[in-house]
Structures are given as structure tokens and as C-alpha cells.
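Chemist: Predicted model and sequence below, questions to follow.
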Amino acid sequence: MAEPVLETERLLLSRPTASDATLQHRVLNSPALMEYLGGTKALHEIEAKHARTQTSFERDGFGFMMMTEKASGELVGHCGLKRVDNAHAPNGGDHEIGWLVREDRWRRGYAYEAMRAVIDWAFDTIRAPFVVALTSEANIGSWKLMEKLGMERRRDLDFVDPDCRDADNPLIQYSLTREQMGR
Ligand SMILES: CC(C)(COP(=O)(O)OP(=O)(O)OC[C@H]1O[C@@H](n2cnc3c(N)ncnc32)[C@H](O)[C@@H]1OP(=O)(O)O)[C@@H](O)C(=O)NCCC(=O)NCCS
């Protein structure tokens, strides 16, 4: 594991290393976990995503990270901050937060704990003016998490992604500004 970028009470968030794509493919790729993320991924797709993450860290100083559970040392999620890179989104380049947590660790507060730290990092260190998050109406757990994080529904940013299945369109967005966080 690389030196952690962020640490919370129960979690370490670190930049992906060369072996992490294989690990993510094995433990963060179940059908239930990937249901709203276009289905399970082939190893080469995760490797390509990690390559984009390395570019993001080198270019912008931020990216998605591996979420390690301190108590076990195991990989339990993947989350972080990147630029909106969906070609169909009306707000390409905005700061986007995102997450996934291993199925056997759901509802323990891990996503919330990790994302509170990522949001503080986005505003205090990266100096993002605001962050957005993308999901679908069907992904109830995800948009409820956005609401718990204090994010605001942004109907003006909804868009159709022709690469997504009908059940996931339109993609919906939430945002959170520095001011809304009291910064
Ligand atoms: C969405 C996801 C990351 C939540 O992770 P988690 O660690 O279980 O979430 P937390 O325990 O931190 O929950 C925080 C809040 O999110 C909401 N939430 C999370 N899962 C939920 C669910 N299944 N149903 C309803 N609300 C849910 C709740 O508001 C919860 O707060 P509460 O426990 O006080 O009610 C997880 O279910 C996941 O990885 N899903 C698959 C991947 C995915 O869809 N990622 C998002 C792509 S946009």
C-alpha cells in the first residue's frame, strides 16, 4: 500500500499502486456492487481506470484512492475526487466525488466516513470551489449518501448517457459548495 493520502478513524485512503487493479478486480467487482456502475468490469478496464487516476494525480494532485480498513488491513472500497470526465455531462471538468464500498462492509458508515475526509480535502487542500456527484434515481443508497453529506440535488445538471442502460437514465447530479460547508 502506498503512503496514505488521507486517514480517518477506521480507514486509510491511498493512491493506487501497480498491484491494486488486480486486487480491485477480485474484491470490488461483484454484480451487486457494480449494478449501477455498468456491471462487473474486466481487469483491463480497471487497469485503464487506474491509469487515468495516475494521470489525474500527476496533473491535478488528486484522484480516486484505495480504501483500506485499518483493523484488518483489507481493501474495503474505492473513492475519491476527480474531474467530471463523462463526455455527455454538461459540466465536464468540475470536481467530482465518488465511491464504492465492498458489499460485506455496507451500512457500517464507511462511505460516509471516507467521504467526509475527501470533502474536507477537496475544500481545504485542493481548494475546489464546489464538488458534484453523479448517480441515478435507481441507486437509492448513493443519492441518500449524497443527501447525508449535505449535498443539494441539481436537476439543471441531469443528462442522458447513451452508454447507460435505460433504467439508469437520466444520470442525476448533486453538488456541495464551500459556502454550504461553512468554509
Ligand atoms: C452507496 C455505497 C457506497 C454506500 O456505502 P456504505 O458504506 O454502505 O454507506 P454508509 O454506511 O456510509 O451510509 C451512509 C448513508 O448512506 C445512505 N445509504 C447507504 N446505503 C443505503 C441503502 N442501501 N439504502 C438507503 N440508504 C443508504 C444512508 O443515508 C446512510 O446513512 P444512515 O446509515 O445514517 O442511514 C454502497 O452501497 C456501494 O458501494 N454501492 C455500490 C457502488 C455504487 O453504487 N457506488 C455509487 C455510484 S454513484
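Modeler: Sure thing, it's come through.

Chemist: Could I get the contacting residues of the most centrally placed residue in the chain?
Modeler: The centroid of the chain falls nearest to G98 when counting by CA atoms, centre = their mean (1.9 Å). With contact set as CB atoms under 8 Å, 6 or more residues apart in numbering, G98 has these partners: F64, C79, G80, K82, A133, L134. In this view, the C-beta of every residue, glycine as well, is placed from N, C-alpha and C.

Chemist: Show the end-to-end separation of stretch 130-148, please.
Modeler: One end of stretch 130-148 sits 17 Å from the other (CA to CA, to the nearest Å).

Chemist: nope, stretch 88-100 is what I was after
Modeler: Counting by CA to CA, you get 22 Å between the two ends of stretch 88-100.

Chemist: and that stretch, how far from the chain's centre?
Modeler: Mean C-alpha position of stretch 88-100 versus that of the full chain (CA atoms, centre = their mean, to the nearest Å) differs by 9 Å.

Chemist: Start at 5, not 1
Modeler: All right, first residue 5 from here; so that's stretch 92-104.

Chemist: That stretch near the ligand at all?
Modeler: Yes - counting by CB under 6 Å from any ligand atom, the ligand has neighbours in stretch 92-104: W103, L104.

Chemist: returning to what we had before: backbone dihedrals for the residue nearest to the centre of the chain, both of them.
Modeler: phi -160, psi 170 (degrees, to the nearest 10).

Chemist: One more: A115?
Modeler: Per degrees, to the nearest 10, the backbone of A115 is at phi -60, psi -40.

Chemist: For D167, grab the count of nearby residues.
Modeler: Look at D167: counted by other CB atoms under 10 Å, it has 11 neighbours.

Chemist: and the gap between it and H92?
Modeler: Taking CB to CB, to the nearest Å as the measure, D167 falls 8 Å from H92.
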